[in-house]
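Asks: Attaching a predicted model along with its sequence, questions to come.
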Amino acid sequence: MWQKFVAGACVMTGALGFGWSLCSEMNSDIQHLRQQKQILLYISGEITYLHRPMEEIFDLIACKVEPPYDLFLSDVSQSMKERNGNSLINIWNEAIHDRKNGVDFSQTGLEYLAKMGNCFEYEGEQLQVEALRLFELELDSEIDRLTVKKNENSRLIKALSTLTGILCIILFL
């Protein structure tokens, strides 16, 4: 009898864990995009008001942001300091490519990080800042869309995972 109780507890734990995992994945995407927006605001502020070189900006921002973006920006800055002839966009894309298989970044986070790199294509500071502002609007709309989606789906996912666990217990016991 106690084996059935333990089995039922394991099934419910698995079902609830699966539901919570899906919800935390949605939260992770939103957190990554918010962190990228913060980086974007730092970069545009440094370009607009202090006119610092990009490698210096990335070093300063790396000290202010949370992992995994601190290491990403430090790596980009270090590659820029080596002066091996690559453009900023190539260095940025290589750094993203190096992290494609890592677990630190979500797929959505990597996609928007690659889009952020495209904002550095422009020559003048004013054009870069305007491109960064347009990208900021895109990030805001994606954050809003994902937040609405999370709010709609999180209760449903949690309820369905609970009901699935109960159904499995009823069917197998």
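Replies: It's in.

Asks: The closest residue to residue 25 other than its chain neighbours: neighbouring residues, count only.
Replies: With sequence-adjacent residues excluded and distances taken as C-beta to C-beta, 6 or more residues apart in numbering, residue 25 is closest to residue 106, at 7.5 Å. C-beta here means a position set from N, CA and C on the backbone, and glycine is covered the same way. Here the number of neighbours of residue 106 (other C-beta atoms under 10 Å) works out to 17.

Asks: Residue 106 is in contact with residue 26, isn't it?
Replies: No. Between residue 106 and residue 26 there is no contact under C-beta atoms under 8 Å: 9.8 Å.

Asks: OK, contacts around the residue nearest to residue 25?
Replies: Residues near residue 106 by C-beta atoms under 8 Å, 6 or more residues apart in numbering: 25, 28-29, 32.

Asks: Ok, residue 122 next?
Replies: So residue 122 contacts 128, 131 (C-beta under 8 Å, 6+ apart).

Asks: do the same with the one 10 residues further on
Replies: Going by C-beta under 8 Å, 6+ apart, residue 132 touches 40, 43-44, 47, 116, 119.

Asks: Quick one, grab the pLDDT at the residue nearest the centre of the chain.
Replies: Per C-alpha atoms, centre = their mean, the C-alpha nearest to the average position across the chain is that of residue 32, at 2.6 Å. The model reports residue 32 with a pLDDT of 91.

Asks: Going forward, count from 49.
Replies: Sure, I'll start counting at 49 from here, so that last one is residue 80.

Asks: Pull the contacting residues for it.
Replies: 153-154, 156-157, 160.

Asks: Need phi/psi at it.
Replies: phi -60, psi -40 (degrees, to the nearest 10).

Asks: For this protein, identify the residue most remote from the centre.
Replies: In the chain, by C-alpha atoms, centre = their mean, residue 49 is the one farthest from centre (46.1 Å).

Asks: measure that residue to residue 128 for me?
Replies: Distance, residue 49 to residue 128, using C-beta to C-beta, to the nearest Å: 66 Å.

Asks: mind listing the helices for the chain?
Replies: Secondary structure of the chain (DSSP state H): helices located at 50-93, 102-112, 117-130, 136-146, 155-166, 173-220.

Asks: buried sites along stretch 199-217?
Replies: 202, 205, 209, 212-213, 216-217 (16 or more other C-beta atoms under 10 Å).

Asks: again with stretch 188-202
Replies: In terms of neighbour count (16+ other C-beta under 10 Å), stretch 188-202 has its buried residues at 190-191, 194, 198, 202.

Asks: And for that stretch, what's in contact with it?
Replies: Outside stretch 188-202, the residues that reach it (C-beta under 8 Å, 6+ apart) are 71, 74-75, 77-78, 81-82, 85, 156, 160.

Asks: Could you provide the contacts of residue 80 in TSV, with additional columns for distance to residue 55 and pLDDT?
Replies: Below are the contacts of residue 80 laid out as TSV (distance: C-beta to C-beta, whole Å; pLDDT from 0 to 100):
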residue	distance to residue 55	pLDDT
153	37	81
154	34	81
156	37	85
157	38	86
160	43	91
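
Asks: I'm done for today, thanks for sticking with me.
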